[in-house]
Structures are given as structure tokens and as C-alpha cells.
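[1] got a predicted structure here, sequence first:
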Amino acid sequence: MKKELLKRLNHQKSRTISSLFVIILMICYTSSFANDDQINKTVLSLKKGNHNLLDVIRAVEDQTDFNFSFAPNLVENRSITIINSNPSLEEVLGKIREEAGMEFKLSGMTIALADSKNPGERLEVIKGTIIDAQTGETLPGVNILIKGTSQGTATDIEGNFTLDVKGDDILVISYIGYESIEVMVNNQSSFQIKLTYKSREIEEFIVTALGIKREEASLGYATQSIKTQELTDARSNNWTSALAGKVAGLNVVGGGAGPMGSQRITLRGETSLNLSNNEALVVVDGVPINGKIEGTGFGGHLNQDSPVDFGSAVSDLNQDDIESVTVLKGPAAAALYGSRAANGALIITTKGGRIQQKGIGVSFNSNISTERTGLRWPDYQYEYGEGRTADYYSYGNTEDGPNTSTNVAAGRAWGPKFDGQMYYQYDPNSPDGRPTERTLWRPYDDYIKGFFNPGYTITNNISVEGATDKSSGRVSVTHLNNSWIVPNTGFERLSVSTALDHKVSDRLKINSRVNYVNKKSDNLPMAGYNNQTMMYFMIIGTTPSTDINWFRDYWMPGLEQIEQKNPFNPGPDNVYLQAYEMINTIDKHGVIGSVSATYEFSNKVSLMLRSGIDLANEDRTQRRPYSMSKYPRGMYRQQSIFNYEINSDFLLTYSEKINGDIGMVLSAGGNRMFSYNNFNGVYADQLAMPGLYMISNSLDQPVADPRLLQRSINSLYTTSQFDYKGKIYLDLTGRNDWSSTLPAANNSFFYPSISTSFILDELMDLPSAVSFSKLRLSYAQVGNDTRPYQTARYYDQIYATSFTNPNTLFNADLKPEITTAYEAGLDLRLFENKFGIDFTAYHSESRNQILAIPLDITSGYDRILTNAGLIRSNGLELVLNAKTMTRRNFTWTTTLNWSYNRSYVIELAEGLNNQIIGEHSVVSLEARIGGRMGDLYGLGFQRSREGEIIYTNAGIPAQLDPERKNWGNAFPDWKGGILNQFTIGKFRANILWDGQLGGMAYSMTNHKLNTLGKTRVTLPGRDEGIIGDGVVSNGDGTYAPNTTVTTAQRYYDEYYKHANVETNIFDTSFIKLREARVEYTFSPSILSKIGLVQATVALYGRDLLLFTSFPAFDPEIAMLNSGTLLPGVEMTQFPSTRTMGMNISLKF
Amino acid sequence: MKLKIQFITPLVLILVFFQSCTQDFDEINADPNRPSEVFPGVILDQLQYRLVNSSIGRSRGFTHEMMQMMSPRASVNNGLHRYVIEPNNSEGFWNNHYRLMTDLMNMYQVSERLGADAYMGVALVLRSWSYSMMTDAFGDIPFSESNKVEQGVFQPVFDTQKDIYQQMLIDLENANTLLSGTSSFIYGGDLIYQTTGAAGILKWRKFCNSLRIRLLLRILNKDGEINVVEQINMILGNPIKYPVFESIEDDAILRYPGTFPFYNPYFNLRNLSWNEGVYYSIYFIDWLNGMDDPRREVWATTIEENGEQVYKGIMSGYPSEVEYTVGSHSSFPSELRDFSDLGLIMTYSELEFIFAELALRGYETPKSIKDHYEGGIASSIRQWGKNVPSGHFDNPLVTFNESASFEAQLEQIIQHKYFALFFTDYQAWYEKRRTGYPILPRGDGIPAENRFPVRITYPNYLQALNPDNLEAAVARMGGDTPDTKVWWEK
């Protein structure tokens, strides 16, 4: 089996080398399928005269890409006569039919030969049909051989065969591209045999940097591929969610900030001290695209306004149009993308047209899903109501006593226990809410949950594709309509994707891809912790004794658009006012497109030219009504963002084979990148008239906020691949970049990479259990530039008419950043490929990082841009594949991935041993020399020498210890995922679990809920008071146990206070049932009657179960700040949700 | 090899093409939205606005509570009113000051290049004003080496307070000279006196010299180390060369225009943030009640009590169990948010109180002690937009007792200066530290061990970013605590 695999690998390799020009940089699928026209036009070099049939077959296979499938004994002793020299393939096949008496059928590039008149010596006649296990299609030309003999047959056009056998014979069934199987005759006379497509055969080709398709065996670095199915199986609004748990070393976190679900994707940990430099590059059909979330300029914590998640070009990609995603994990893989690929890259190939049974293939896919809160809620309490005293409750001053509600309580739930008693409470029917009579003191169990709706997403996709031997094309239209869990929010997305590939001549191929997207939303919610955010309201604006419905009428009667009605805590704005009046809209039109042409000068030399663009125009508005807390006179802002990035490449390739043993491919190319980002904001931060949202209604002179960023990088690169007898592969690359953002003296930088792979079983004797083994070693460097306009002094505009010096000092001497990475890996396949292990270890160092390092402000600036720092990362990645069980009608495969990464801070700028790389008011991500990237620092309890918490004489924890301590790391110790896939007859099922161990996050939700008495954590001690576990100072350096009883309110208020990171930071370990799906494929025989080729129906779920000790909604979170996501901080995210959906897929 | 040569030519061409492409990099990397050079006027206006917002913010956020003018409505633990200065108190003020000094020094350099003396003079006056607030709060601070990172100074040394005072006095002398010429505000930008001509320049000179007198009075007990008395006499003796404030028309007040963009900074605050968190203290409001002070209605709201509208304060330094409900005591009226004349820097009223004290101490001031004292009260009332009621000076709490002891006269002057310094940065606190007046009651909730703070501790960040110079300064000052006395207080 091992030899067979190698043979295949060799075979493919030689084919690859000879046709590398063709394949290089072409989008896939061009030469894989053929039709009659192609047979007609294929001319063979055959001499006139009589030929042995086997020789003819070999000649055809050698001279063309066609393969024959036949039973060996069938072609023995047959011959044909060629009349014309250089006959067409059609003629030859005609002869085979007429002279040799055989039928043939074309299936893809395979010509199946069959003959029913098989003379047999066997006694019993069996009949059977052979079909594809997955599609149910019948397979013609399948070899059926009686084990131990040379006798056999092949299936006919209809996939049927007849064979004379003995009752105890074993049939060996083999077919190109499929797993061979053995079937016992067992005196049966009729068979239906299913063959399974060897999916690995597709995976053998990996789309690598610059879109170059490479054999997996030749790669000296780790990659992992995700196919379209894995993205669309259990879909979410942002396709990147589908990467979670499937790729070793890939980390995806979201902000929990709205329906767009923007996510931060990192590979192999954090290597740059500048967190926004750590995200993976995303490349679509060779065009790098903008993964940046374009922010509105507001932070998540108590800013003037709050951030809105508007999504990004990455989140707007339509998963229906993605053919595959190759994850290039390290710099070695991505070195050819230069600067931006230091953190790995996701290479996305979109779908093209394929040859179809009926000429044109039409697919229709419809998906409906519902998203519901409840995956996890904080542990809310429903036993005590609003108030600051448990003695009584009174809304306003009443005969029961002074007001204990509005202002005084401010969302606190330290009031009386619900005991069936009656109090003067808010009266929704009275004009000022003042009660006239006592009502029942009761909890409203849905005082939070009742605000949220089920979300719905309906996605419909229709695609048409087809191909001839010269051209192929595909058009796909997808419409997505989402209404989100927050009332009055959601979005709509229309995606149109076209792919056209055309072979103009034998030498010239042209490929084009255009993806258009229109994304629209009438309202997206604001995220974070602020007076105008919903989750803030849910925490401090309401209590268990408050009915959410009391907030539904959000205007004071008669004061519509002027004065909001907010009968409880006036801090947070009425949540329904937020949902229905604080409107954030977006209307985005985006195009990602590329055109490429490949010209073959000769068999050895080809030139590829390509130009791609990622272009988008986005119009956004934000409306804020009168009487909201942060803009009492309302606000209206609009931004239009026009950005594009053009990448133009050329790549010249030369290939040669030396002595038949050494193959080499030499390429040289260049790239010119130009990016243009024009953000134009116009702000009316006070409105002259309420409720009128237009710039002309500005009370003040409207403020313009223009921000134009331009950047250009020119690059030249070279890449060479060598292989020695298919045993050793060597790749060399070098790239030089010239960046416009660096000072002229330092703007040119070169970086090389070298990667090798050794096929061990070819080079040495290995146990026979090893079917394949490969060792990979690589070294790479990648340079990086910086943002535009950092090398000279500019004044910032302030107060519309004035200027100020920026807070960060420019640097006219910046140098490029350099990341150096080493990687070693072992790919082992055992027991006839039933079991695969892929193990990778890496080490990387990032130095000369371009950072705004903090300065003593007395020097004049808070920060200065400089090159500094050294971050060293080590990591391990493991991927295991197992064909756990393969039976008739049942297969079970298991894929497991696991990754571990540690990034350490080795050096910082001179004189610094501590740098804050990310910050929320009380907790910071600090890089300290010797520490890990992502260490979280903040204050904790003052403790005695014995480690006891020190309390004051009043029985509450003493002032926090002023020393900032490390409370853990934001990044997990390891992450892993396990995917089980089953096929049972016509059913297919997938279950994906994933999880992580470790990682800490500060939870704002926990802090605030606990200090306000909203959680069950705060129930102990409500009635009898609390004696905090700790000591009190005797004043002489000694301590005595704390014996002072304090009230629950004072105790928890102090214990969980905002600044106390120690009590508000939690382990984010979790296990999630990420995806589960069952699919049924209808039988082709039924479908053909109604004109369908294929039909499946599926039920699926995402995020169905979550096991974690994290107290807020979801441990996989980050804080959305304007345009960045800050890990390690949970800033009152929206409730986590479960998604359940149904999918129908039809092919005509 | 022929084949290769065939392709070398286009490759070379492409190389040349790419190289030539870097020539437009300078253009691409030039920011089209932000200027690289500006005139001084567009720096000056925002600089004044931010400096003043920051200083009145310190009154509202620090001095009012510390000096028992106001107290928080709810305060479970600690608080300034219980004499606790938390770490990093006033860090924002510190950061703001130094950040704005970058603009100020930059404006000075730009003006120097343009020969715009008036802007240079104003820069020196504002610099001394801001640094004096800083050093009186913190003691030794970076001064001579601050804001010089572009000259390579990343960790400035801390100068002694004495050196800082000495240099500020020199700077003010130079400012007076710069402002004595014919240069005026040809690039605009003066929000404080809002004129571009000579009238405005003269007012700046008056402010310059009045400020100098404030500084000299503060360090009066350091005469000998610095020639304080000599400088005071020099200014008092030559009003032509050293003009000072002569009426409330000369007040250094940033009068918020009520139009975009330089609004009163509290203009947009909701009641929740403006007046629902603080109440006037009993001490302060009862004095106003006793004097029947007309400023009271500008500063405070009334509440209904027994059918009457009254001004009522809360305890300062109250025990932690106490919490006051919203709307139950006097707080800021919402009109004060729109009050244009809130941007107080230094007023004629304050100068009158300074002159009253100098007269008491035997200096040759323009008027008598009593006249200066009454002038101080009257001009403060007028400055807040009110008229002095007839018989106001007959009120026993107001009447100046010329026959009282020196100490009693001083107490009375400072007591009334205290009201005049409402919303004037930290001045009331500095004056209390200098003179011990007014004598404030001690709240029941103030832990016995807490002493009245006389200093703000340095921001924590310095330990990480400028540790050596910090350590030297702390050693020199004898500690970094709220009890550590600054140079002029020793």
C-alpha cells in the first residue's frame, strides 16, 4: 500500500511538474473535466497500422490527461488498426468500439472500457451495480477482479456488471480516485456496491501563497485546509465562526457586539506588541483584503458614544462562494505575501464553474436559522427586589417612608425579599409613575430575558455553473436577511459572485473572479458599557422587581422626541429608546475582484499577470435623540468611507528537469500594492430641532472629520522549488519590499525563507505500518512596515477650528519590523492511511517592532513611535485523523486538533521593563520583560503575611493593595477541537466539540451585577449580615481574625468593586458543542424522476452547549473598542445564543 | 541559457519600473488632512480653553470637597472630605498640564520664528500660571527639562520648587516686557480677553503682574531665599511699568461664548453628573446664609423646607452609614452650566484680597486694608453678576474689624477670599495651607488618624517611566505623602 501511494505521489508529481505552467497560479478545476468536444479535438501521435489495445491505451494516457479504466484481462489480446496517422481521440475510441468490440463511457477525465461478452469459466453468474457512496451516481468502468486470479470485468455505462464466480470468491473492486474494497460473494447473486471517493486525493493539492497549487508532500511548512462544506454546514452570519475548533493554532474571538459578529483571527498566538498587528491576513483569489473593522472612534467603556460593530470585508464574504480556505500558519508559508503575512494567512479560493452532467448545473440552497438567547446567562437572583434597604420599598416618598427607588437605588437589588407583601410601587398608568395604592411585591422573571427576541436568518443561494473544454463559468447570487435578538436590529446582505475561466489558446488562459456585496442595515446595536448601551441598562437600569414592559413607552407623554421616559435609574437611557431611536445604519457596496492571464511561452516558461481590487463604499449614520444622557440635544453623524486596495502582480516561471531526478521551478515576480482609505465624517453633535436627523439641522457649525490614508508597497520576489526524485523537496523564497510608510533611508527591506520536506519512507526503511511519512523543516523572515504618516510632525485638529500636537511623537528614523520563524513538522500516515498524525513545532522571534512606547508625559508626549522589543513565541500543533470505522453503509471518521502557544516578552524599548499593550480602565494587558504576552495586571486585596484578606474595622475589605499584580493571562494554555463525521446510509452527521483550557478575562458583567446584588452569589448574608473571611490589623503589625458583621450590600459592593481585578477575573476554560448536523441525501433514482440531480436536507445547530465556570455570557470574548477587539476583557457583551437551523440543497 | 537572457531584459525593465515607483512615496506618505505647520492663533485658543477647563475642573473635583464648600451625596468609604487623597488623585490634571505645555512651548517657538512677541508673552504668562498650580499641589516637579523629548530628554529631572518659583518670576518679568511692545494678536486666538488690539495686550500685562503678586505672596515667608519683598515693592512702586488689575473688567476669566465650539464645559452634563452627586456643605452654605450673600443664588439651588425655599447644606466628613437622597439639599443650579463667566483664572477680587493682606503686612498698596477687603468682596459679587446689597458691609459676618489683632484681621481677609476663590483651581486650598484659614470644622466620619492633606502625591506611573528622577525628588522633599510639606510651606 505504501508503494502504491508513493507511486501515485510520483505519478502526480511528474504530471505536476510537466504541467506546472498550466497549473501555476490558475484557479483550480480547469483541466479536471472534459467533454465530447475535447475528445474530438484531442489529437494523438500514433503511427498507422495495427496496435495492441493496451499499447494504444498507454499512448493515450501518456499523451493526454485522460485515464482509462478497465479490467486488465479484458484488453488482453485485443488490437485495433489505425488508418490515419495522428488520429483524433474520437477516431481511436471509435476503433476501440468497432474493432475491439468494447463500449466506453467518459466520466470526467476517465474513459471507462467495458465489455459484456466476457467468456467465463465460473459457475455462477452474479450481477451488480456500483455506485458512488456519497452522490449515489452509478460508476462506469469500475474494475472488478476475482481475488487471486486475473479474471474480472468492468462495469458498463450504467454502472452494471455481470461476472461468473464461485460462491466463495472475493471480489476486488477498484476505481481511480476511489478507495478499493473487497466484497465476499457468499453465494449472493445480486450486489449493490458503494465506493467511497478518496477525499485525500483532493487535499493532496494545496493552494499556497500567491495562489500556487502545490502537492502537499512537497510543502515544508504546516497548512490546513477547510472546504466549503465545513463553512456552510452549520452556518453563522460571519463565516469565520466556522473556523473555530477546526484548525490547530487558529484562535477566533468575537466582541459579542451585534449581528455582524466581527471576529479577531490570530494564528500561533500574539507576536507583536501592537495587538492590531497580530491578526492573520486574508487573501481572496490572490487579492489581500481588508480585515480591518472600520471603527466610529469610540471606546467600549464610558466613552462619549459607544462602538458599533459594522463588520468588515472579511465578515462580508459569502460562505456559499468559498471553495476552500487554506490556512498558512507561519511566516514560511506566507513569506511571499510579505509584510502583512507575518502572522500567517487565510488563503480563500472562490468557486469556479465545473463540467456538468447536463451541461449546465443549477444549485439552489436555502437556509433558515433561528438564534436564541439562553446558551448561558449570568446566575441572576429573583428573590430580592429593588432598593438599598431590605426594610421596605417605596417608589417616591410615600407614607411607608422616603423613596428607595429612583436615583437612590440606581439599579440596585438590595431591597426587601419577595414575600407576598405589598408596597407602593411604580404605576405605569399614572402620569408621573407615582403609585396611589400598594401592589404585590413580586419578581419579574423575564425582566432581562423578556427584552430579547429570537433572531432569524434566512439565506437563499442560487448558482449556475458549467464548463466546456475551453471555458468555465459560475454565477451565484445569495441573499441573507437577518433580524437579530435585539428588537429593531438586523441586516440584509446580497452577494453576487461570478467566475469566468477561459482558455484563449493553448498558451493563454484568462481567469476572472468578481464578488459583489451589498450590506444594509437599518439599525445595528451599540456595544460596550455606557449610558446608551443595552447591556448597561440591563445591569444598572433595572431590577428583578421591575417589569421590562414598563419601559416600552419611551417618551414622556406629550414630549415625544424631546424627553425620554425613564422611570427608574436615569443613568442608562431607556432600553427601548436605545433600540428604536438610537439608530445606527450602514449601506455598503463592496467588490472584490481579480483578473489574471497566464501565458505559456513554451513548455518551460510562463508568465502570469494579475490585478486585483478590494473596493468598498460604505455610508453610515448614527442618530441620537434629544434627552439621551451623553447628547442631551441629540446628535446626528454620518460617515462615508471609500476604500480600495489594488494589487498588481507579475510572475515569471521557468521549470526544468535535470537528469530526470531533479526537478526545479524558478519564479520571479513583483507586486505593486496601493491602498486608499478615505473616511469622511460629518458631525452634528447638537440638533437644532428634535427628531430631525440631518446635517442641516445642526445647532452648531457641523464638524468635518476627513481622514485619508494612502499607502503603497512595491515588491520584488523570487521563489524556487527543487525536488529530488520525489524524496526531498526544497523551497527558497526571497522578497524585497519598498514601503511608502517608512522613511526613505529605511524603506527597502529584504527577507528570505527556506523550507524543506523529506519523504522519510523513501529515504529509509520504516516499519510497514507506516504508509507515508514526511519531515518538514523551515526557516523564514518577514518584514513589516507601519501605518502612513508616522514619520513627520502633523497637527491634529481639535474643537473644529484649532490644532494641537498629537499625543504620540513621530519618528523620522523608523525601521521595518522583522519576524523570524523556525518550524519543524512530521506528517505520519499509518495502517494504510487509516490513521494520520501531523505534528508541528515552531519558534519565532519578532524584533524591531514599531511601537508607540509610553513616555513620561512630562517629557511632552505620552508615547513615542520607535522600533523596540523582542517577542519570542514557541508552540506545538497536532492534527490527528482517524478512519475510526469503515463498514458497509457506515463510516466514522474522527479529526482532532490541538494547539499550544506561549509568547514571551524578551526585550522592550531601552529602559523600559513594562509596557501596556491594551487597557480597560482597571485592567491592563501588560508586556513585562520575562512575562508572557497577554498577562493581565490590576489591583487585588491587601493581604496579611499569611495571605489572609485584610478587612477594615467596619468589616469590609481594606483599600486595595496599590501594587499592580498579574492575575493570569488572556490567552488559553491550549485549545483543541474534535470533529466526528458519520455516514450511515443516506445520512451524514457531524459533531464538532471544541474548547480551551485556561486563559483569563476580566468580567465587567460580573463586577457590576455582583455589586448591585443581581446575582445568586450575593444572596448569602442578606438577612443576617456577613463576616468577611480574613483578618483585621491590630495596628502593631499583627492581625486578628475579622469578627465584624457588615451588611451584604456593603460587603459585596466592596468585595467585587470595579478596581478589584482579583475578584472579577475568571478562568475562560470552556467546552462547547460547536456544531452538530444531520443531513439526508435523497436517492438519485427518485430525484431523476423529478429532474433533480442531487437533493439534501439537513438540520443543524451551532453553539448548542457550553460548559464553563465563566460568570458572564460567553468566555470567548473580547472588548470592542472603535476599530479593535481587546482580548482579556469582557465589557458587558450581548447574551450568548444558540443557533438552530435547517438547510435544503438542490442540484438540477 | 539563451532563454534566460531573453527574460533578463524585461526583468531589468521591471526592476527599473519598480524603483522609479518609490519616487512618489514622499507624496503618498504626506498626510493630506493634517497641517505640518500652523500659526499661533489656532493653538492659543484651544490651549486657553483646555487649561481653564482643567483648572476649574480641579475646583469642582478637588478643592470644593477638600475645603468643605461641597460634599458628595453618597460616599461609603474614604473621600477627600474625610481627608483621604487616593493614589493618582489629580493625575488627569498632571497629564493635562504637561500635554498642554507641549502645545504651549510649540506655540512659543512658532511665535518666536514669526516674531510674534504678544504670543510669546502670553505663552510665558500661561506657563507660569499652570506651573504654579502644579508645584503648589505636588512640590518638586519636572520644569526645566520638561517637554523636551524632541531634544532627547525622555526622563526629565524634577526641579526644586524654589528653582521653579525663581524661573516663573523671571518669565513673568520677561512676559511683561514682551507685552509692552507694539506686538498684538494678529493671528487671533485669544479667548480670555477677546481682543486683538492694544487693549487686550494691556489686560494681559495686568494679569501677568497680578499673577506675579499672587506668586510672591505665596512665598512671602521665603524672602531671603528669593528677593520676594523687593519684587513686591518694585511692582507696587511702578504701576506704569507693572500695571495690575484695576477693576473686574480686567479679570482673567475665560468667558465661555455659549456658541460652538468653546462652550462651558459642563454645558452638556445631565443633572445626574452635574448636580445629583454633590451638595453644598453646611459650613459653606451657612456662611452664605449668615451673610445673606447675593452670590448664593448664582451658586446654589434652594429646597423647600416647612413651606419655605431655603439653602441647605450637608455634613462634610460624614460617617459612612449616611447617604443623602437626591434633591434633598442645595446643589448647583442648572443655570451654572450655561454660565459664561465660569472660566476663572485670576480675578480683580483676588488681587484686592492680596492687597488687603499686603496692606495688613505693611506694604504700600493703593488703598487701605479695609478698602481692599471690601473691594474684594464687592468685586467678587459683581464678578458673579450680582449687585452688592446696601448694608452688606454692616452684616456682622462681613464687617471688617480694623481694630482686631493682626491674626484676626488676616483670618477675616482669608475667610472672605475663600468665597471669592470659589471655582478658582486649588487656590482656596493653597491659601488654607499658607495661612491656616479658614478654620474648617472636622466631620464626625473622619477617622481620627486622618490629617488635613497638604499635598497631592505623585502619579503612580512615574514609578515605571521616570523612577530615578522621582526617587531623587522624593528623597529631597522628605517623602511622597499627603502630609509632606512643599518648600514654601516649610
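    That came in fine, so what should we check first?
[2] ok, and the closest non-adjacent residue to the closest residue to chain B within the stretch 601-750 of chain A?
    Chain B sits closest to A:D700 of the stretch 601-750 of chain A, with a gap of 3.2 Å, by Cβ to the nearest Cβ. C-beta here means a position set from N, CA and C on the backbone, and glycine is covered the same way. Leaving aside its sequence neighbours, A:D700 sits nearest to B:F260 (Cβ to Cβ, 6 or more residues apart in numbering or on different chains; 3.2 Å).
[3] now A:Q304
    Nearest non-adjacent residue to A:Q304 (Cβ to Cβ, 6+ apart): A:K630, at 5.8 Å.
[4] which residues sit in contact with that neighbour?
    Each residue near A:K630 by Cβ atoms under 8 Å, 6 or more residues apart in numbering or on different chains is listed here: A:Q304, A:D305, A:N530, A:N531, A:Q532, A:R624.
[5] can I assume it sits in a strand?
    No - if the criterion is DSSP: H, G, I helix; E, B strand; the rest coil, then A:K630 is coil and not within a strand.
[6] that one and B:P257: what is the separation?
    From A:K630 across to B:P257, the span is 22 Å (Cβ to Cβ, to the nearest Å).
[7] any stretches of the stretch 401-550 of chain A with poor pLDDT?
    Scanning the stretch 401-550 of chain A for pLDDT under 70 picks out nothing.
[8] residue ranges for the helices of the stretch 301-450 of chain B, please.
    Chain-ordered helices for the stretch 301-450 of chain B, with DSSP state H, counting those that start in this stretch as the definition, fall at B:348-360, B:369-383, B:406-420, B:427-435.
[9] buried ones in the next helix or strand after the last one?
    The reference is to helix B:427-435. Of the helices and strands lying after helix B:427-435 in sequence (DSSP states H and E), the nearest is helix B:462-465. Of the residues in helix B:462-465, B:L462, B:A464, B:L465 count as buried by neighbour count, 16 or more other Cβ atoms under 10 Å in any protein chain shown.
[10] how about the CA coordinates for helix B:462-465, as CSV?
    Extracted in CSV, the C-alpha atoms of helix B:462-465 (Å, rounded to 0.1, in the frame of the first residue of the first chain):
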residue,chain,number,x,y,z
LEU,B,462,6.2,57.8,37.4
GLN,B,463,7.5,54.7,39.2
ALA,B,464,7.6,52.9,35.9
LEU,B,465,8.6,55.7,33.5
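[11] so does the helix or strand just after it get close to chain A?
    Sequence-wise, the next helix or strand downstream of helix B:462-465 (DSSP H and E) is helix B:467-477. No - using Cβ under 8 Å from any Cβ of the partner chain, helix B:467-477 never reaches chain A; the gap is at least 8.5 Å.
[12] what about helix B:467-477, distance to the chain center?
    25 Å (Cα atoms, centre = their mean, to the nearest Å).
[13] so what touches that helix?
    Under the contact criterion Cβ under 8 Å, 6+ apart, helix B:467-477 has outside partners B:139-142, B:155-158, B:160, B:458, B:462-463, B:480, B:484, B:486.
[14] residue ranges of the helices in the stretch 901-1050 of chain A, please?
    A:1004-1011, A:1048-1055.
[15] run a quick neighbour tally on A:G783.
    Using other Cβ atoms under 10 Å in any protein chain shown, A:G783 is surrounded by 23 other residues.
[16] pretty sure it sits in a helix.
    No - according to three-state DSSP, the state of A:G783 is strand, so it is not within a helix.
[17] that one: what's it in contact with?
    A:G338, A:S339, A:A342, A:D737, A:F749, A:F750, A:Y751, A:P816, A:E817, A:I818, A:T819.
[18] just checking, which of those residues belong to strands?
    Judged by DSSP state E, the contacts of A:G783 include A:D737, A:F749, A:F750, A:Y751, A:E817, A:I818, A:T819 as members of strands.
[19] next, count neighbours for the second one.
    Yep, that's A:F749 we're talking about. 22.
[20] just the fourth one next, same as before
    Burial of A:Y751 is recorded as 24 neighbouring residues (other Cβ under 10 Å).
[21] do the same with the last one
    In terms of burial, A:T819 registers 27 neighbours under the definition other Cβ under 10 Å.
[22] pretty sure it is touching A:R268, no?
    No - the pair A:T819 / A:R268 is not scored as a contact, 10.7 Å apart, by Cβ atoms under 8 Å.
[23] list the residues that contact both of the two?
    A:S844.
[24] for chain A, give me its nearest residue in the stretch 301-450 of chain B.
    Taking Cβ to the nearest Cβ, the stretch 301-450 of chain B has B:V326 as its residue nearest chain A, at 4.1 Å.
[25] ok, now which ones touch that residue?
    For B:V326, the contact set (Cβ under 8 Å, 6+ apart) comprises A:T406, A:N407, A:V408, B:R73, B:E276.
[26] what two of the residues you listed have the greatest distance between them?
    Within the contacts of B:V326, A:T406 and B:R73 form the most distant pair, 13.8 Å apart (Cβ to Cβ).
[27] the more surrounded of these two?
    B:R73 (22 against 19).
[28] per-residue pLDDT of the closest residue to that one other than its chain neighbours, please?
    With sequence-adjacent residues excluded and distances taken as Cβ to Cβ, 6+ apart, B:R73 is closest to B:Y324, at 4.9 Å. B:Y324 is assigned a predicted lDDT (pLDDT) of 85.
[29] just give me the neighbour total for B:Y324.
    So B:Y324, with other Cβ under 10 Å, has 18 neighbours.
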